[in-house]
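J.: structure of the sequence below:
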Amino acid sequence: MRDVRQVVEAQLKAFAQDDAGRAYSYASPEIQAQFGDANNFMAMVRSGYPMVIRPAAVSFFLPQVEERTPESVKQLVRLRDHAGRLWIAAYLLQRQAGAGWRISGCVVAPDSDRSST
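T.: As a prediction, this is how the structure comes out:
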């Protein structure tokens with residue numbers, strides 16, 4: 001499942017480089033249709049998910065295959081922002097025919113586990 005992690009890592013790298021087009025390319029067709037273009041997508045990320053733009057630290061959990069839909073995988077990622085706050089990002093990825101894994105959603109919440117600091 002290394003390819004799942006690689007997609008999330010690549011999108012995080014694109015965010016860090018302000019490469020909206022590349023970040024948008026890792027989104028599923030449904031997400032792309034919802035935002036219409038890379039600039040709208042990046043504006044949403046900047047306003048709603050600033051902790052994923054340039055996190056101070058990132059660590060990945062093992063991906064979890066969704067039992068009912070094996071073409072879907074959940075990838076949990078712990079992020080530390082530059083203020084030292086911890087976050088858990090739950091990425092949902094779907095396998096796309098001919099395109100590999102694409103990110104179909106992400107929910108970010110504060111991480112209550114302070115053992116990482």
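J.: can you tell me the SS state at residue 10?
T.: With DSSP: H, G, I helix; E, B strand; the rest coil as the basis, residue 10 sits in helix.
J.: list phi and psi for the residue lying closest to it once chain neighbours are set aside.
T.: Excluding its sequence neighbours, the residue lying closest to residue 10 (C-beta to C-beta, 6 or more residues apart in numbering) is residue 26, at 6.0 Å. C-betas here are computed from N, CA, C, even on glycine. Note on residue 26: its backbone torsions stand at phi -90, psi 0 [degrees, to the nearest 10].
J.: residues contacting residue 26?
T.: When contacts are counted by C-beta atoms under 8 Å, 6 or more residues apart in numbering, residue 26 touches 7, 8, 10, 11, 14, 102, 103.
J.: could you do residue 93 as well?
T.: Residue 93 is in contact with 4, 7, 8, 72, 73, 74, 75, 101, 102, 103, 104, counting by C-beta under 8 Å, 6+ apart.
J.: which intervals of this protein have sub-threshold pLDDT?
T.: Applying pLDDT under 70 to the chain picks out residues 113-117.
J.: helices along that one, start to end?
T.: Ranges of helices within the chain are 2-16, 20-25, 29-35, 38-48, based on DSSP state H.
J.: tell me which of those lies nearest to residue 58.
T.: helix 2-16 (6.5 Å; C-beta to C-beta).
J.: now do that closest one against helix 38-48, angle only.
T.: Computed by axes from the mean of the first three to the mean of the last three C-alpha atoms, to 10 degrees, the angle separating helix 2-16 from helix 38-48 equals 90 degrees.
J.: what's helix 2-16 packed up against?
T.: helix 20-25, strand 57-60, strand 72-80, strand 86-96, strand 100-110 (3 or more C-beta pairs under 8 Å, 6 or more residues apart in numbering; DSSP states H and E).
J.: turn those into a markdown table, including distance to residue 32.
T.: As requested, the helices and strands packed on helix 2-16 are exported to a markdown table (distance: least, C-beta to C-beta, whole Å):
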| stretch | distance to residue 32 |
| --- | --- |
| helix 20-25 | 7 |
| strand 57-60 | 24 |
| strand 72-80 | 17 |
| strand 86-96 | 11 |
| strand 100-110 | 9 |
